[in-house]
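Peer 1: Please work out how this folds:
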Amino acid sequence: MNYERKSKNYFLRGKESWIFTKGLLTKEFYLFVESEIWPRLTVLHHGYRISEKKELTAQITHNLIETGLTGKVVADSRDYNGVNTRKRIPIWDALAKRKLCIVCKGSEITRQVTRYRATGRLLKIRKMWKLQLLEDLDLKRNTEAIKPTTHALVVLHTGKTNWLTGQTLPEEQQKKPASIREFIEATCPRDKNDIRKPDQRAVENGLDYFRKIENIINSINRENLSHSWTAYAPNPETGNLIAFQPNVCLRQIHSGRLFRGTRLYSWGALSGQGMTAEQRETIEIDSEPAAEIDSHCHAIRLAYHLSGIDERGDVYWPEKVFRLYYKLENVPDKDKKIVRDFVKIATNIALNTNSRESALQAIAKSLRDSENRIFLTDLIFNIEGKTLRGILKRITKAHPEKVTNKFFTESGLELMRIDGSIMLHTLKELVAARRIPALDIHDGLVIRKSDVILAKEIYTKIYSEFTSFKPVFKRKF
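Peer 2: This next block holds a predicted model:
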């Protein structure tokens, strides 16, 4: 039985998955696939639509390599009824036959999507996977583009609702790139002589603002790419390390409308932001070991600071939420971490939802999806003797009224905008001006160990300008 489970690769179902996605591939990557991968897949060299097969082979190989380097797997349907999925199946199978990937087949009936993982043979084809080979790093300028794209320095996407009517958009129109110019024209002051038209000076002022943001992000990306970034992934079969370059480039993304939930994001499976802390710990910058610092209890502490309250401890207050549990003796630290993480998730849900009921639904879903569901359920209902509603009430009572006034108001989106601005200004000074390489992890930074003190000083200065208080740092590694 153990052999059967191993032979069917069921362990892949426990790996973090990346839904198969078509991306913008570089000419260098197409040449790599043409010379190193396609010749091995002779079973695909016959029949019609050879060019289409080559394109799909490049896209699939790209997904495999990027996920393989970061310890993830690719999830893709094997539904023969779907036109696109049906075309990909023989390519997946050909790659598996040549031992370039391994497969854990799913079932369309049970909605268990098939998983694919790159093999060591595929990852070893190159000794060093450079970012310029794997990713198109030429980000566009949406302030100038006739057709907006998500592959740009500043991105406005449509979100889930129509920003004018508030109505839910059809699924195919959600999270699509939108025109920055058109949004500004629709929301800026009207022309004095014709209210049906926007004031062109206001339009140009708005576009100039975002052009400056594009320039800042472009200078940050260029400077970061001028430094050597190397991370290491274990060969899945041998355990030997494979070197690759994580994606440290950034885009500023506005969610649904300009300045809503605005943050800096990287992209792709090789995104430095998407790597785990353990994976980021392997990073070397200019051949020097990296360090990661973050702003401890960032979202909720930012809410405190913007309310004029300075608390330096753990402001998620897990001991106030799970009172009886924290009075028990000899509680393992790993169990306390599980409890604190649950409180942190529930608190951030309260900040990001627009009602107590929607928060309860989101917390319940988070609990159902948690790998620690049984432990937490027993803790909540038996030890504490509370319902989820009771736990949420305790979370609310744990904070001052000035802070809880922000709960259930979607204030988390405004907190994201502010911390995004803090990070942009920090990187502008640290990276663009002082030429110190730094990777943004939303509320933290990955920098060279020798730059930790300077990075803290600059981040503290910028943070204080926004909040009048100092952040609390936590060194991750």
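Peer 1: Between its first and last residues, what's the separation in stretch 274-294?
Peer 2: As for stretch 274-294, its first-to-last residue distance stands at 15 Å under the measure CA to CA, to the nearest Å.
Peer 1: same deal with stretch 44-56?
Peer 2: In terms of CA to CA, the two terminal residues of stretch 44-56 are separated by 11 Å.
Peer 1: Report the buried residues of it.
Peer 2: Taking 16 or more other CB atoms under 10 Å as the neighbour-count basis, stretch 44-56 is seen to contain the buried residues L44, K53, K54, L56. C-betas here are computed from N, CA, C, even on glycine.
Peer 1: Surely the last one touches W92?
Peer 2: No. The pair L56 / W92 is not scored as a contact, 9.6 Å apart, by CB atoms under 8 Å.
Peer 1: Output the buried residues of stretch 44-56 in CSV; the columns should cover secondary structure, distance to L454 and pLDDT.
Peer 2: As requested, the buried residues of stretch 44-56 are arranged in CSV below (DSSP: H, G, I helix; E, B strand; the rest coil; distance: CB to CB, whole Å; pLDDT from 0 to 100):
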residue, secondary structure, distance to L454, pLDDT
L44, helix, 53, 95
K53, helix, 51, 96
K54, helix, 48, 97
L56, helix, 47, 97
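Peer 1: Please spell out which residues along the longest helix seen in the chain are buried.
Peer 2: With secondary structure taken from DSSP state H, the chain has its longest helix at helix 200-225. When burial is assessed from 16+ other CB under 10 Å, helix 200-225 yields the following buried residues: 202-203, 206-207, 210-211, 213-214, 216-218, 220-221, 223-225.
Peer 1: got it, and stretch 425-435?
Peer 2: Along stretch 425-435, the positions that meet the burial threshold by neighbour count (16+ other CB under 10 Å) are H425, T426, L427, K428, L430, V431, A432.
Peer 1: Quick check: phi and psi on the fourth one?
Peer 2: When you say that, I think you mean K428. phi -60, psi -40 (degrees, to the nearest 10).
Peer 1: I'd like the distance between it and I217.
Peer 2: 9 Å (CB to CB, to the nearest Å).
Peer 1: what does the last one give?
Peer 2: Remark: distance between A432 and I217 (CB to CB) = 9 Å.
Peer 1: And the buried residues of stretch 44-56, which two are furthest apart?
Peer 2: By the measure CB to CB, L44 and L56 form the most distant pair in the buried residues of stretch 44-56, at 9.3 Å.
Peer 1: Show me whatever sits in contact with both of these two.
Peer 2: Shared contacts of L44 and L56, defined by CB atoms under 8 Å, 6 or more residues apart in numbering, are found at I91.
Peer 1: and the helix or strand I418 falls within, how far from the chain's centre?
Peer 2: I418 is part of helix 411-427, with elements assigned from DSSP states H and E. Taking the mean C-alpha point of helix 411-427 and that of its whole chain, the gap between them comes to 15 Å (CA atoms, centre = their mean, to the nearest Å).
Peer 1: next SSE after that helix?
Peer 2: Toward the C-terminus from helix 411-427 - assigned by DSSP H and E - lies strand 438-440.
Peer 1: Neighbouring strands - and their directions - for that following strand?
Peer 2: Paired strands of strand 438-440, with direction, are strand 444-448 (antiparallel) (DSSP bridges).
Peer 1: which residues touch the strand it pairs with?
Peer 2: Under the contact criterion CB under 8 Å, 6+ apart, strand 444-448 has outside partners 272, 280, 283, 285-286, 288-295, 298, 426, 430, 436-439, 455, 459, 476.
Peer 1: And those residues, which of them are buried?
Peer 2: The neighbour count (16+ other CB under 10 Å) marks 272, 280, 283, 285, 288, 290-295, 298, 426, 430, 436-439, 455, 459 as buried among the contacts of strand 444-448.
Peer 1: Can you tell me which of the residues you listed end up in helices?
Peer 2: Taking DSSP H as the definition of helices, those contribute R280, H298, T426, A455, Y459.
Peer 1: from those, which single one is nearest E171?
Peer 2: When those are compared against E171 (criterion: CB to CB), the nearest one is H298, at 32.0 Å.
Peer 1: for the residue nearest to the closest one when sequence neighbours are not counted, what are its contacts?
Peer 2: By the measure of CB to CB, 6 or more residues apart in numbering, the closest residue to H298 outside its immediate chain neighbours is D443, 3.6 Å from it. Contact analysis of D443 by CB under 8 Å, 6+ apart lists D294, S295, H298, A299, D419, M423.
Peer 1: just L139 next, same as before
Peer 2: Taking CB under 8 Å, 6+ apart as the definition of contact, the neighbours of L139 are H151, A152, L153, I217, N218, N221, C249, R251.
Peer 1: so what's the last one up against?
Peer 2: In this case it means R251. Applying CB under 8 Å, 6+ apart to R251 gives the contacts L139, T150, A152, L153, V154, V155, I217, L264, Y265, S266, W267.
Peer 1: likewise the first one?
Peer 2: Shown in contact with H151 (CB under 8 Å, 6+ apart): L24, D136, L139, K140, W267.
Peer 1: can you check the fifth one too?
Peer 2: Contacts for N218 (CB under 8 Å, 6+ apart) come out as L139, L153.
Peer 1: Report pLDDT for it.
Peer 2: Note for N218: predicted pLDDT of 98.
Peer 1: That one and T150, how far apart?
Peer 2: Note on N218: its distance to T150, by CB to CB, is 16 Å.
Peer 1: The fourth one too?
Peer 2: Distance of I217 to T150, computed by CB to CB: 14 Å.
Peer 1: Dig out what Y116 forms beta bridges with.
Peer 2: The bridge-partner assignment for Y116, based on DSSP bridges, gives V74, V103.
Peer 1: so how far is K97 from it?
Peer 2: Looking at Y116 against K97, where the rule is CB to CB, the gap reads 13 Å.
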